[in-house]
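In: Take a look and give me a structure for this.
(one chain, ligands or ions: 1)
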Amino acid sequence: MRVYLDNNATTIVDPHVFEEMEPFFVQKYGNPNSLHSFASETHKPLKDAMEKIYAGIHAPREDSVVVTSCATESNNWVLKSIYFQYILTGRKNHIIVSEVEHPSVIATAKFIESQGCRVTYLPINHEGLIDAKSVRDNITDKTALVSVMMANNETGGIFPVQEIGEICKEYNVPFHTDAVQAIGKIPVDVQSFNVDYLTFSAHKFHGPKGVGGLYIKKGKELLPLLHGGSQMGGYRSGTLNVAGIVGMGKAMEQAVDALDYEMTDIKEMRDRFEDELLKIEDTFVVTPREKRTPNTILISFRGIEGEAMLWDLNCAGIGASTGSACASEDLESNPVMEAIGADADLAHTAIRFSLSRYTTQEELDYTLEVVKKAVKRLREISSSYAYAPDGHDSKL
Ligand code: 7TS
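Out: Numbers count the residues shown, from 1 in each chain. Presented below is the predicted three-dimensional model:
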(Lines give C-alpha, C1' and ligand atoms only; values in the text may rest on other atoms or scores of the structure.)
Protein backbone atom coordinates (compact mmCIF):
# COMPACT_ATOMS: atom_id res chain seq x y z
CA MET A 1 0.00 0.00 0.00
CA ARG A 2 1.23 3.55 -0.76
CA VAL A 3 -0.02 6.34 1.47
CA TYR A 4 0.57 10.03 0.86
CA LEU A 5 0.52 12.08 4.06
CA ASP A 6 2.67 15.00 2.97
CA ASN A 7 -0.04 17.26 1.62
CA ASN A 8 1.46 20.39 3.17
CA ALA A 9 4.43 19.87 0.82
CA THR A 10 2.27 19.38 -2.25
CA THR A 11 -1.00 17.71 -3.26
CA ILE A 12 -2.18 15.41 -6.02
CA VAL A 13 -3.61 17.33 -8.98
CA ASP A 14 -7.34 16.74 -8.97
CA PRO A 15 -8.27 14.81 -12.16
CA HIS A 16 -10.91 17.44 -13.02
CA VAL A 17 -8.24 20.11 -12.80
CA PHE A 18 -5.96 18.11 -15.06
CA GLU A 19 -8.80 17.56 -17.52
CA GLU A 20 -9.45 21.29 -17.78
CA MET A 21 -5.75 22.04 -18.27
CA GLU A 22 -5.07 19.43 -20.94
CA PRO A 23 -6.35 21.28 -24.05
CA PHE A 24 -3.94 24.13 -23.40
CA PHE A 25 -0.81 22.14 -24.18
CA VAL A 26 -1.27 20.59 -27.61
CA GLN A 27 -4.47 22.13 -28.96
CA LYS A 28 -4.97 25.64 -27.62
CA TYR A 29 -1.35 26.65 -27.21
CA GLY A 30 -1.53 30.24 -28.45
CA ASN A 31 0.12 33.10 -26.60
CA PRO A 32 -2.81 35.11 -25.18
CA ASN A 33 -1.08 38.35 -26.12
CA SER A 34 -0.85 37.53 -29.84
CA LEU A 35 -3.30 38.91 -32.38
CA HIS A 36 -5.00 35.86 -33.90
CA SER A 37 -7.51 33.17 -33.08
CA PHE A 38 -4.87 30.92 -31.48
CA ALA A 39 -4.56 33.67 -28.90
CA SER A 40 -8.20 34.67 -28.59
CA GLU A 41 -9.40 31.13 -27.93
CA THR A 42 -7.50 31.28 -24.63
CA HIS A 43 -9.15 34.52 -23.50
CA LYS A 44 -12.45 33.18 -22.20
CA PRO A 45 -10.90 30.25 -20.30
CA LEU A 46 -8.41 32.67 -18.73
CA LYS A 47 -11.15 35.12 -17.78
CA ASP A 48 -13.28 32.32 -16.28
CA ALA A 49 -10.31 31.02 -14.31
CA MET A 50 -9.47 34.47 -12.94
CA GLU A 51 -13.10 34.89 -11.88
CA LYS A 52 -12.93 31.63 -9.94
CA ILE A 53 -9.73 32.78 -8.25
CA TYR A 54 -11.23 36.16 -7.29
CA ALA A 55 -14.36 34.42 -6.02
CA GLY A 56 -12.35 31.84 -4.07
CA ILE A 57 -10.74 34.50 -1.86
CA HIS A 58 -13.67 36.98 -2.09
CA ALA A 59 -11.49 39.59 -3.78
CA PRO A 60 -13.49 42.61 -4.94
CA ARG A 61 -13.22 43.59 -8.61
CA GLU A 62 -11.28 46.76 -7.93
CA ASP A 63 -8.48 44.85 -6.19
CA SER A 64 -5.82 42.91 -8.09
CA VAL A 65 -4.96 39.25 -8.17
CA VAL A 66 -1.69 38.67 -9.99
CA VAL A 67 -0.71 35.19 -11.09
CA THR A 68 2.88 34.32 -10.21
CA SER A 69 5.01 31.20 -10.61
CA CYS A 70 4.65 30.09 -6.97
CA ALA A 71 4.18 31.31 -3.43
CA THR A 72 7.92 31.79 -3.11
CA GLU A 73 7.73 34.40 -5.86
CA SER A 74 4.69 36.10 -4.31
CA ASN A 75 6.40 36.33 -0.92
CA ASN A 76 9.67 37.59 -2.42
CA TRP A 77 7.75 40.13 -4.43
CA VAL A 78 5.98 41.70 -1.45
CA LEU A 79 9.06 41.98 0.73
CA LYS A 80 11.41 43.17 -2.01
CA SER A 81 8.96 45.70 -3.39
CA ILE A 82 8.40 47.09 0.10
CA TYR A 83 12.16 47.31 0.42
CA PHE A 84 12.46 49.29 -2.84
CA GLN A 85 9.46 51.50 -2.12
CA TYR A 86 9.98 52.32 1.55
CA ILE A 87 13.34 51.20 2.90
CA LEU A 88 15.72 52.09 0.07
CA THR A 89 14.06 55.49 -0.25
CA GLY A 90 14.57 56.12 3.48
CA ARG A 91 10.85 56.56 4.22
CA LYS A 92 10.80 53.60 6.64
CA ASN A 93 13.46 51.35 8.14
CA HIS A 94 11.75 48.31 9.66
CA ILE A 95 9.66 45.23 8.87
CA ILE A 96 8.06 42.61 11.12
CA VAL A 97 7.76 38.89 10.29
CA SER A 98 7.11 35.87 12.47
CA GLU A 99 10.08 33.64 13.22
CA VAL A 100 8.27 30.63 11.76
CA GLU A 101 7.38 32.01 8.34
CA HIS A 102 8.20 29.83 5.37
CA PRO A 103 11.85 30.20 4.19
CA SER A 104 10.62 32.26 1.23
CA VAL A 105 9.74 34.99 3.74
CA ILE A 106 12.52 34.42 6.28
CA ALA A 107 15.34 34.26 3.72
CA THR A 108 13.99 37.34 1.94
CA ALA A 109 13.73 39.19 5.26
CA LYS A 110 17.34 38.23 6.00
CA PHE A 111 18.38 39.53 2.59
CA ILE A 112 16.63 42.83 3.22
CA GLU A 113 18.24 42.92 6.65
CA SER A 114 21.65 42.54 4.99
CA GLN A 115 20.76 45.65 2.95
CA GLY A 116 20.28 47.71 6.10
CA CYS A 117 16.63 47.18 7.07
CA ARG A 118 15.77 46.40 10.69
CA VAL A 119 13.78 43.17 10.93
CA THR A 120 11.79 41.97 13.94
CA TYR A 121 11.23 38.20 14.04
CA LEU A 122 8.18 37.65 16.24
CA PRO A 123 8.53 34.67 18.59
CA ILE A 124 5.92 31.94 18.86
CA ASN A 125 4.43 30.99 22.22
CA HIS A 126 4.39 27.57 23.90
CA GLU A 127 1.47 26.54 21.65
CA GLY A 128 3.48 27.36 18.53
CA LEU A 129 1.28 30.39 17.85
CA ILE A 130 1.89 34.12 17.44
CA ASP A 131 0.41 36.56 19.95
CA ALA A 132 -1.09 39.57 18.17
CA LYS A 133 0.12 41.65 21.09
CA SER A 134 3.71 41.05 20.03
CA VAL A 135 2.93 42.94 16.80
CA ARG A 136 1.64 45.88 18.83
CA ASP A 137 4.75 45.78 21.01
CA ASN A 138 7.06 46.00 18.01
CA ILE A 139 5.26 48.14 15.43
CA THR A 140 6.51 51.73 15.02
CA ASP A 141 5.87 54.64 12.66
CA LYS A 142 8.95 53.46 10.78
CA THR A 143 7.51 49.97 10.12
CA ALA A 144 7.02 49.40 6.38
CA LEU A 145 5.41 45.94 6.49
CA VAL A 146 4.05 43.24 8.77
CA SER A 147 4.11 39.73 7.29
CA VAL A 148 2.53 36.94 9.32
CA MET A 149 1.21 33.74 7.79
CA MET A 150 -2.42 32.66 8.09
CA ALA A 151 -1.58 29.05 8.93
CA ASN A 152 1.78 27.50 9.65
CA ASN A 153 3.00 24.75 7.34
CA GLU A 154 4.71 22.71 10.09
CA THR A 155 2.07 22.63 12.83
CA GLY A 156 -1.02 23.82 10.96
CA GLY A 157 -1.27 26.50 13.68
CA ILE A 158 -3.71 29.26 12.73
CA PHE A 159 -2.29 32.70 13.45
CA PRO A 160 -4.45 35.66 14.60
CA VAL A 161 -4.44 37.56 11.30
CA GLN A 162 -7.72 39.26 12.15
CA GLU A 163 -6.24 41.02 15.18
CA ILE A 164 -2.88 41.62 13.51
CA GLY A 165 -4.72 43.21 10.56
CA GLU A 166 -6.51 45.55 12.97
CA ILE A 167 -3.25 46.61 14.60
CA CYS A 168 -1.70 47.28 11.18
CA LYS A 169 -4.72 49.36 10.21
CA GLU A 170 -4.42 51.40 13.39
CA TYR A 171 -0.77 52.17 12.60
CA ASN A 172 -1.38 52.46 8.85
CA VAL A 173 1.21 49.75 8.12
CA PRO A 174 0.73 47.40 5.12
CA PHE A 175 -0.13 43.83 6.14
CA HIS A 176 0.85 40.73 4.16
CA THR A 177 -0.27 37.21 4.95
CA ASP A 178 0.96 33.97 3.44
CA ALA A 179 -2.26 31.97 3.05
CA VAL A 180 -0.63 29.01 1.27
CA GLN A 181 -1.63 26.51 3.98
CA ALA A 182 -5.05 28.08 4.54
CA ILE A 183 -6.75 27.85 1.14
CA GLY A 184 -9.09 24.85 1.07
CA LYS A 185 -8.58 24.18 4.78
CA ILE A 186 -10.06 27.21 6.52
CA PRO A 187 -12.14 30.06 5.04
CA VAL A 188 -10.04 32.69 3.29
CA ASP A 189 -11.90 35.93 2.68
CA VAL A 190 -9.86 39.07 2.04
CA GLN A 191 -12.90 41.19 2.88
CA SER A 192 -13.35 39.65 6.32
CA PHE A 193 -10.19 41.18 7.78
CA ASN A 194 -7.76 43.98 7.08
CA VAL A 195 -5.18 42.59 4.64
CA ASP A 196 -3.26 44.29 1.84
CA TYR A 197 -1.36 41.35 0.30
CA LEU A 198 -2.20 37.65 0.38
CA THR A 199 -0.11 34.82 -1.06
CA PHE A 200 -1.36 31.46 -2.34
CA SER A 201 -0.07 28.55 -4.40
CA ALA A 202 -2.09 26.17 -6.61
CA HIS A 203 -0.16 22.99 -5.85
CA LYS A 204 -1.18 23.13 -2.20
CA PHE A 205 -4.87 22.80 -3.10
CA HIS A 206 -4.86 20.11 -5.77
CA GLY A 207 -3.78 22.41 -8.59
CA PRO A 208 -0.60 22.25 -10.68
CA LYS A 209 2.90 23.15 -9.53
CA GLY A 210 4.55 26.29 -10.87
CA VAL A 211 1.58 28.61 -10.50
CA GLY A 212 0.60 30.77 -7.56
CA GLY A 213 -0.86 34.15 -6.89
CA LEU A 214 -0.75 37.39 -4.98
CA TYR A 215 -3.78 39.40 -3.95
CA ILE A 216 -3.08 43.15 -3.83
CA LYS A 217 -5.57 45.57 -2.35
CA LYS A 218 -6.41 48.67 -4.40
CA GLY A 219 -4.16 51.54 -3.42
CA LYS A 220 -1.43 49.20 -2.16
CA GLU A 221 0.25 48.60 -5.51
CA LEU A 222 3.70 47.03 -5.62
CA LEU A 223 6.61 47.61 -7.97
CA PRO A 224 7.02 44.74 -10.44
CA LEU A 225 9.69 42.19 -9.63
CA LEU A 226 9.80 40.96 -13.24
CA HIS A 227 10.02 43.77 -15.79
CA GLY A 228 9.25 43.15 -19.46
CA GLY A 229 5.99 42.96 -21.39
CA SER A 230 2.60 44.23 -20.29
CA GLN A 231 1.18 40.95 -19.04
CA MET A 232 -0.85 41.04 -15.81
CA GLY A 233 -1.34 44.77 -16.28
CA GLY A 234 2.44 45.27 -16.24
CA TYR A 235 2.55 43.93 -12.71
CA ARG A 236 4.32 40.75 -13.71
CA SER A 237 5.79 40.29 -17.15
CA GLY A 238 6.20 36.96 -18.90
CA THR A 239 3.94 34.94 -21.18
CA LEU A 240 0.93 33.76 -19.23
CA ASN A 241 0.95 30.18 -18.00
CA VAL A 242 -2.41 29.50 -19.59
CA ALA A 243 -2.78 25.86 -18.55
CA GLY A 244 -1.56 26.73 -15.06
CA ILE A 245 -4.00 29.58 -14.63
CA VAL A 246 -6.90 27.48 -15.93
CA GLY A 247 -5.84 24.72 -13.52
CA MET A 248 -5.53 27.07 -10.57
CA GLY A 249 -9.00 28.47 -11.27
CA LYS A 250 -10.58 25.03 -11.28
CA ALA A 251 -8.59 23.97 -8.23
CA MET A 252 -9.67 27.08 -6.33
CA GLU A 253 -13.32 26.45 -7.19
CA GLN A 254 -13.05 22.88 -5.95
CA ALA A 255 -11.13 23.85 -2.82
CA VAL A 256 -13.95 26.18 -1.84
CA ASP A 257 -16.56 23.51 -2.61
CA ALA A 258 -14.66 20.95 -0.52
CA LEU A 259 -14.04 23.27 2.43
CA ASP A 260 -16.88 21.86 4.54
CA TYR A 261 -15.66 18.33 3.95
CA GLU A 262 -12.13 19.32 5.01
CA MET A 263 -13.38 21.07 8.12
CA THR A 264 -15.65 18.23 9.24
CA ASP A 265 -14.79 14.81 7.79
CA ILE A 266 -11.06 15.32 7.32
CA LYS A 267 -10.81 16.97 10.71
CA GLU A 268 -12.59 14.02 12.32
CA MET A 269 -10.27 11.57 10.60
CA ARG A 270 -7.26 13.63 11.64
CA ASP A 271 -8.46 13.82 15.24
CA ARG A 272 -9.08 10.08 15.49
CA PHE A 273 -5.67 9.35 13.98
CA GLU A 274 -4.06 11.80 16.39
CA ASP A 275 -5.87 10.24 19.37
CA GLU A 276 -4.41 6.88 18.40
CA LEU A 277 -0.90 8.28 17.88
CA LEU A 278 -1.03 9.99 21.27
CA LYS A 279 -1.78 6.65 22.91
CA ILE A 280 1.79 5.70 22.06
CA GLU A 281 3.88 6.53 25.10
CA ASP A 282 6.01 9.69 25.15
CA THR A 283 4.45 11.44 22.20
CA PHE A 284 3.76 15.17 22.07
CA VAL A 285 1.74 17.52 19.88
CA VAL A 286 2.43 21.21 20.29
CA THR A 287 -0.52 23.21 18.96
CA PRO A 288 -4.05 22.51 20.27
CA ARG A 289 -6.35 20.95 17.66
CA GLU A 290 -8.92 23.71 17.61
CA LYS A 291 -6.20 26.20 16.74
CA ARG A 292 -4.95 24.19 13.77
CA THR A 293 -5.89 23.61 10.16
CA PRO A 294 -8.01 20.44 9.96
CA ASN A 295 -5.43 18.35 8.11
CA THR A 296 -2.15 18.71 10.02
CA ILE A 297 -0.41 16.91 12.88
CA LEU A 298 3.14 17.67 14.01
CA ILE A 299 3.97 15.00 16.55
CA SER A 300 7.16 14.20 18.44
CA PHE A 301 8.18 10.68 19.44
CA ARG A 302 10.68 10.97 22.25
CA GLY A 303 13.89 9.06 21.60
CA ILE A 304 13.36 8.73 17.84
CA GLU A 305 15.18 10.71 15.17
CA GLY A 306 12.61 12.09 12.76
CA GLU A 307 14.66 10.93 9.77
CA ALA A 308 14.82 7.38 11.11
CA MET A 309 11.06 7.34 11.46
CA LEU A 310 10.66 8.69 7.93
CA TRP A 311 12.87 5.87 6.68
CA ASP A 312 10.69 3.22 8.29
CA LEU A 313 7.54 4.91 7.01
CA ASN A 314 8.99 5.23 3.52
CA CYS A 315 9.96 1.55 3.48
CA ALA A 316 6.30 0.78 4.17
CA GLY A 317 5.16 3.05 1.32
CA ILE A 318 4.15 6.01 3.49
CA GLY A 319 5.18 9.55 2.63
CA ALA A 320 5.32 11.96 5.57
CA SER A 321 7.78 14.67 6.55
CA THR A 322 9.98 15.93 9.36
CA GLY A 323 8.91 19.44 8.44
CA SER A 324 9.13 21.60 5.38
CA ALA A 325 10.53 19.79 2.33
CA CYS A 326 12.32 23.05 1.56
CA ALA A 327 14.55 22.55 4.59
CA SER A 328 14.62 18.81 4.92
CA GLU A 329 17.89 18.22 3.09
CA ASP A 330 19.70 20.04 5.88
CA LEU A 331 18.78 17.45 8.52
CA GLU A 332 18.16 20.32 10.89
CA SER A 333 15.77 20.02 13.77
CA ASN A 334 12.24 21.19 13.12
CA PRO A 335 12.16 25.02 13.17
CA VAL A 336 8.89 25.21 15.10
CA MET A 337 10.10 22.76 17.70
CA GLU A 338 13.25 24.84 18.08
CA ALA A 339 11.26 28.05 18.29
CA ILE A 340 9.07 26.81 21.14
CA GLY A 341 12.28 25.93 22.96
CA ALA A 342 11.85 22.14 22.84
CA ASP A 343 14.95 20.40 24.15
CA ALA A 344 17.31 19.06 21.50
CA ASP A 345 16.10 15.54 22.16
CA LEU A 346 12.55 16.45 21.16
CA ALA A 347 13.30 19.00 18.44
CA HIS A 348 14.73 16.23 16.23
CA THR A 349 11.82 13.88 16.73
CA ALA A 350 8.96 15.74 15.06
CA ILE A 351 7.04 14.10 12.24
CA ARG A 352 4.45 15.93 10.19
CA PHE A 353 1.42 14.06 8.87
CA SER A 354 -0.68 16.19 6.56
CA LEU A 355 -3.93 14.81 5.15
CA SER A 356 -6.00 15.90 2.17
CA ARG A 357 -9.51 15.27 0.90
CA TYR A 358 -8.05 12.22 -0.84
CA THR A 359 -6.91 10.61 2.41
CA THR A 360 -8.90 7.52 3.45
CA GLN A 361 -9.55 5.91 6.81
CA GLU A 362 -7.96 2.70 5.54
CA GLU A 363 -4.74 4.60 4.80
CA LEU A 364 -4.66 6.07 8.29
CA ASP A 365 -5.33 2.68 9.91
CA TYR A 366 -2.45 1.20 7.96
CA THR A 367 -0.16 4.12 8.83
CA LEU A 368 -0.97 3.78 12.52
CA GLU A 369 0.13 0.13 12.51
CA VAL A 370 3.36 1.03 10.70
CA VAL A 371 4.07 3.89 13.12
CA LYS A 372 3.56 1.64 16.15
CA LYS A 373 6.00 -0.92 14.77
CA ALA A 374 8.52 1.77 13.84
CA VAL A 375 8.35 3.34 17.30
CA LYS A 376 8.96 -0.03 18.94
CA ARG A 377 11.87 -0.88 16.64
CA LEU A 378 13.55 2.52 16.81
CA ARG A 379 13.23 2.90 20.55
CA GLU A 380 14.75 -0.53 21.03
CA ILE A 381 17.86 0.56 19.18
CA SER A 382 17.87 4.13 20.54
CA SER A 383 20.79 5.15 22.74
CA SER A 384 18.78 7.92 24.37
CA TYR A 385 15.58 6.08 25.20
CA ALA A 386 15.15 3.42 27.84
CA TYR A 387 12.47 1.24 26.35
CA ALA A 388 10.06 -0.15 28.87
CA PRO A 389 7.63 -2.60 27.26
CA ASP A 390 5.42 -2.61 30.33
CA GLY A 391 5.03 1.14 30.01
CA HIS A 392 6.87 2.14 33.19
CA ASP A 393 9.57 4.71 33.59
CA SER A 394 10.52 4.96 29.95
CA LYS A 395 12.62 8.11 30.27
CA LEU A 396 16.33 7.98 30.93
N1 7TS B 1 4.52 29.42 2.05
C2 7TS B 1 4.14 28.37 2.83
C3 7TS B 1 3.38 28.62 4.08
C4 7TS B 1 4.45 27.07 2.41
O5 7TS B 1 4.05 26.05 3.17
C6 7TS B 1 5.17 26.85 1.23
C7 7TS B 1 5.60 25.48 0.82
C8 7TS B 1 5.52 27.96 0.46
C9 7TS B 1 5.19 29.23 0.91
C10 7TS B 1 6.24 27.83 -0.85
O11 7TS B 1 5.33 27.48 -1.84
P12 7TS B 1 5.75 27.32 -3.38
O13 7TS B 1 4.52 27.60 -4.15
O14 7TS B 1 6.80 28.33 -3.63
O15 7TS B 1 6.22 25.95 -3.55
N16 7TS B 1 5.76 24.62 1.92
C17 7TS B 1 6.30 23.40 1.93
C18 7TS B 1 6.26 22.55 3.04
O19 7TS B 1 5.72 22.78 4.12
N20 7TS B 1 6.87 21.39 2.72
O21 7TS B 1 7.30 21.49 1.47
C22 7TS B 1 6.96 22.72 0.96
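
In: ok so residue 162 is a helix residue?
Out: Yes: according to DSSP: H, G, I helix; E, B strand; the rest coil, residue 162 belongs to a helix.

In: distance of it from the ligand?
Out: Distance, residue 162 to the ligand, using Cβ to the nearest ligand atom, to the nearest Å: 18 Å. For glycine as for every other residue, the C-beta is placed from the backbone atoms N, C-alpha and C.

In: nearest spatial neighbour of that residue, skipping sequence neighbours?
Out: Using Cβ to Cβ, 6 or more residues apart in numbering and skipping residues adjacent in sequence, the residue nearest residue 162 is residue 193, 4.6 Å away.

In: State the distance from the one you found to residue 166.
Out: With distances taken as Cβ to Cβ, to the nearest Å, residue 193 is found 8 Å from residue 166.

In: and if you look at residue 45?
Out: 39 Å.

In: So if I had to pick from the two, which one is more boxed in?
Out: Between residue 45 and residue 166, counting by other Cβ atoms under 10 Å, residue 45 is the more crowded of the two (21 against 17).

In: Quick check: next helix or strand after the helix or strand harbouring residue 95?
Out: Element membership for residue 95, per DSSP states H and E: strand 94-98. Using DSSP H and E, the helix or strand that follows strand 94-98 in sequence is helix 103-114.

In: neighbours of residue 81, just the number please.
Out: The burial count assigned to residue 81 is 18, neighbours taken as other Cβ under 10 Å.

In: OK, contacts around it?
Out: Going by Cβ atoms under 8 Å, 6 or more residues apart in numbering, residue 81 touches 222-223, 225.

In: Could you check the angle the strand or helix carrying residue 75 makes with helix 103-114?
Out: Residue 75 is located in helix 71-82, with elements delineated by DSSP H and E. On the basis of axes from the mean of the first three to the mean of the last three Cα atoms, to 10 degrees, helix 71-82 is oriented at 20 degrees to helix 103-114.

In: what does the stretch 51-200 of the chain put close to the ligand?
Out: Applying Cβ under 6 Å from any ligand atom, one finds that the stretch 51-200 of the chain approaches the ligand through 70-72, 102, 104, 149, 153, 178, 180-181.

In: Just flag the most distant two among these.
Out: Spatial extent of those (Cβ to Cβ) is set by the pair 70 and 149 at 15.3 Å.

In: The ligand versus the residue nearest to residue 162, what's the distance?
Out: For residue 193, the distance to the ligand equals 18 Å [Cβ to the nearest ligand atom].

In: for that residue, helix, strand, or coil?
Out: coil.

In: per-residue confidence at it?
Out: Model confidence at residue 193, given as pLDDT, is 98.

In: do the same with the one 3 residues further on
Out: At residue 196, the pLDDT value in this model is 98.

In: So the chain: which segments form each domain?
Out: Per automatic domain parsing, the structural domains of the chain span 15-257, 259-385.

In: for the ones you listed, which one sits closest to residue 9?
Out: Residue 9 lies closest to domain 259-385 among those, at 4.4 Å (Cβ to Cβ).

In: distance between the ends of that closest one?
Out: 41 Å (Cα to Cα, to the nearest Å).

In: And for stretch 182-197?
Out: End-to-end distance for stretch 182-197, by Cα to Cα: 14 Å.

In: where do the helices sit along the stretch 1-150 of the chain?
Out: 15-21, 23-26, 37-40, 43-57, 71-82, 103-114, 132-138 (DSSP state H, counting those that start in this stretch).

In: what is the rounded mean pLDDT of the fifth one?
Out: This means helix 71-82. Here the average pLDDT along helix 71-82 is 98.

In: Same question for stretch 146-163.
Out: Model confidence over stretch 146-163, given as mean pLDDT, is 98.

In: Any buried residues in it, and which?
Out: Using 16 or more other Cβ atoms under 10 Å as the burial criterion, the residues of stretch 146-163 that qualify are 146-161, 163.

In: Tell me the helices and strands packed up against the strand holding residue 95.
Out: Strand 94-98 sits against helix 103-114, strand 118-122, strand 143-147, with contacts defined as 3 or more Cβ pairs under 8 Å, 6 or more residues apart in numbering; DSSP states H and E.

In: can you list contacts of it?
Out: With Cβ under 8 Å, 6+ apart as the test, strand 94-98 has contacts from 79, 82, 87, 105-106, 109, 112, 117-122, 124, 130, 135, 138-140, 142-149, 159.

In: So residue 379 is in contact with residue 303, correct?
Out: Yes: Residue 379 is in contact with residue 303 according to Cβ atoms under 8 Å; the separation is 5.2 Å.

In: Would you mind giving the secondary structure of residue 373?
Out: From three-state DSSP, the assignment for residue 373 is helix.

In: So what's the gap between the host helix or strand of residue 300 and the chain middle?
Out: Following DSSP H and E, one finds residue 300 within strand 296-301. Relative to its chain's centre, strand 296-301 lies at 17 Å (Cα atoms, centre = their mean, to the nearest Å).
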